[in-house]
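Enquirer: Next come a sequence and a model predicted from it.
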Amino acid sequence: MQEQKNTAEPVAAADTQTTLVPSTPQTQAEQQASNPLHGRKVLSFVRRSARLDDRLQRAWDRYAERYLLDVTAGEGSLAAAETLRIDQAFIREHYGNDASLTVEIGTGQGENIVAAAAAHPERNFLAVEVYDPGVAHTMLLAGKQDLANLRIAQINAPELLAASALGVLDEVWTFFPDPWPKMRHHKRRIVQPELAAHVHAALREGGVWRIATDIEDYALHVHEVMDGRDDFDNVGELTVSLPTEHVGKGNAEEAAALPHADFMESPRFDGRVLTNFERKGLDAGRVIHDFTYRRA
């Protein structure tokens, strides 16, 4: 998953959602009945526009019809369409087969999921990304290799997961999500109990949710959300020491002096390519935390 890291101040969440949800009360009720996350007021991203350069615009114009799925409530919206259902019929319609489906939440520039799709033509992959440049770059990489087993959804990821049928997904990946470093913004982190419940429902028996972060405080957040759940097993084999209290932007240097405890994490997932983003984190001296949670 690479959600693009974001240093912009968040817009008011309620204002963001009013552009995504139809205004009639009856329609809202119908949407909430079919999708419990529709109308979600706390978003893990800031909706912003970015102009595509000529190369990315050409990629969009050339490949959007092939790779970009029509799964939202309307043009310019990131809300799931009321009729969206990710199931075997959806896979057959858009991929032309019944192969397993892996979803990556926040694919960034697309390097990881495109490499995985190229290496595993027998599997299907769905890239979920909200930012236009990342979507266009993923199209460009996929189109250059003429990949047939990759599709892209420009949609709010929790809504897509909520619209997924029971057991339809083989794996879910969330690599290097936006850390939302300020303490008051931690509620915007995408790994939340609500999302975990929908990931669990969407995964097949024995399916896994793979998560990675280079932010120590986000690693603690993942453990707090996931390790106490009885619907996932942490299958990590490495013992990692982490602070047991949260820090945020401005006081992260205090983490080393806080009480620590041991947590279980996973070796680096060998199915994840070393992107420029991850390399920059390593060059900056940050430790990569990998997690593997198996559907119990």
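Expert: Done, it's in.
Enquirer: how close does H223 sit to S241?
Expert: To S241, H223 is 12 Å away according to Cβ to Cβ, to the nearest Å. The way it works is simple: take the backbone N, C-alpha and C, and place the C-beta from them, glycine included.
Enquirer: next one: E216
Expert: Distance from E216 to S241, by Cβ to Cβ: 10 Å.
Enquirer: Who has more neighbours out of the two?
Expert: E216 (19 against 9; other Cβ atoms under 10 Å).
Enquirer: Pull the contacting residues for the more buried one.
Expert: Listed by Cβ atoms under 8 Å, 6 or more residues apart in numbering, the contact partners of E216 are 242-243, 255, 286-287, 289.
Enquirer: Go through those and name the one nearest N97.
Expert: Distance to N97, by Cβ to Cβ, is smallest for H289 among those, at 34.4 Å.
Enquirer: The closest one touches M264, doesn't it?
Expert: No: the pair H289 / M264 is not scored as a contact, 11.1 Å apart, by Cβ atoms under 8 Å.
Enquirer: Spit out the residues that contact those two alike.
Expert: With Cβ under 8 Å, 6+ apart as the test, H289 and M264 both reach V240.
Enquirer: Look up phi and psi at the residue of the chain most remote from its centre.
Expert: The C-alpha centroid of the chain is most remote from A257, which lies 31.9 Å away (Cα atoms, centre = their mean). Backbone torsions of A257, given as degrees, to the nearest 10, read phi -90, psi 0.
Enquirer: which of the contacts of E216 sit farthest apart?
Expert: P243 and R286 (14.7 Å).
Enquirer: Comparing these two, which residue is more hemmed in?
Expert: P243 (19 against 14).
Enquirer: got a list of what the nearest residue to H200 once chain neighbours are set aside touches?
Expert: Leaving aside its sequence neighbours, H200 sits nearest to D231 (Cβ to Cβ, 6 or more residues apart in numbering; 4.7 Å). By Cβ under 8 Å, 6+ apart, D231 lies in contact with 196-197, 200, 295-296.
Enquirer: hmm, back to that, give the residue from H289 and M264 that has the larger number of neighbours.
Expert: H289 (24 against 15).
Enquirer: and that one, what does it touch?
Expert: H289 neighbours (Cβ under 8 Å, 6+ apart): 212-214, 216, 218-219, 222, 240, 265.
Enquirer: Turn those residues into a markdown table, including distance to R58.
Expert: Listed next are those as a markdown table, based on distance: Cβ to Cβ, whole Å:
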| residue | distance to R58 |
| --- | --- |
| A212 | 32 |
| T213 | 34 |
| D214 | 32 |
| E216 | 40 |
| Y218 | 36 |
| A219 | 39 |
| V222 | 38 |
| V240 | 44 |
| E265 | 41 |
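Enquirer: quick one: which of those residues sit in strands?
Expert: 212-213, 240, 265 (DSSP state E).
Enquirer: I figured R123 was touching A99, is that so?
Expert: Yes: contact criterion Cβ under 8 Å: R123 and A99 qualify, at 5.6 Å.
Enquirer: which residues are common contacts for the two?
Expert: N149.
Enquirer: Wait, K182 touches K249, no?
Expert: Yes: at 4.8 Å, K182 counts as touching K249 under the criterion of Cβ under 8 Å.
Enquirer: distance of the closest residue to T138 other than its chain neighbours from R92?
Expert: With Cβ to Cβ, 6+ apart as the criterion, T138 has its nearest non-adjacent residue at 2.9 Å, and that residue is G110. Separation of G110 from R92 (Cβ to Cβ) stands at 24 Å.
Enquirer: Show the secondary-structure elements that the one helix or strand I113 maps to is packed against.
Expert: In the assignment (DSSP states H and E), I113 maps to helix 111-119. Here helix 111-119 touches strand 101-105, strand 124-128, helix 132-144, strand 150-153, strand 169-175, going by 3 or more Cβ pairs under 8 Å, 6 or more residues apart in numbering; DSSP states H and E.
Enquirer: Apply 10 Å and report the result again.
Expert: strand 101-105, strand 124-128, helix 132-144, strand 150-153, strand 169-175, helix 276-283 (3 or more Cβ pairs under 10 Å, 6 or more residues apart in numbering; DSSP states H and E).
Enquirer: averaged over its residues, what pLDDT does the fifth one have?
Expert: In this model, strand 169-175 has a mean pLDDT of 98.
Enquirer: Equivalent analysis for the second one, please.
Expert: Averaging pLDDT along strand 124-128 yields 98.
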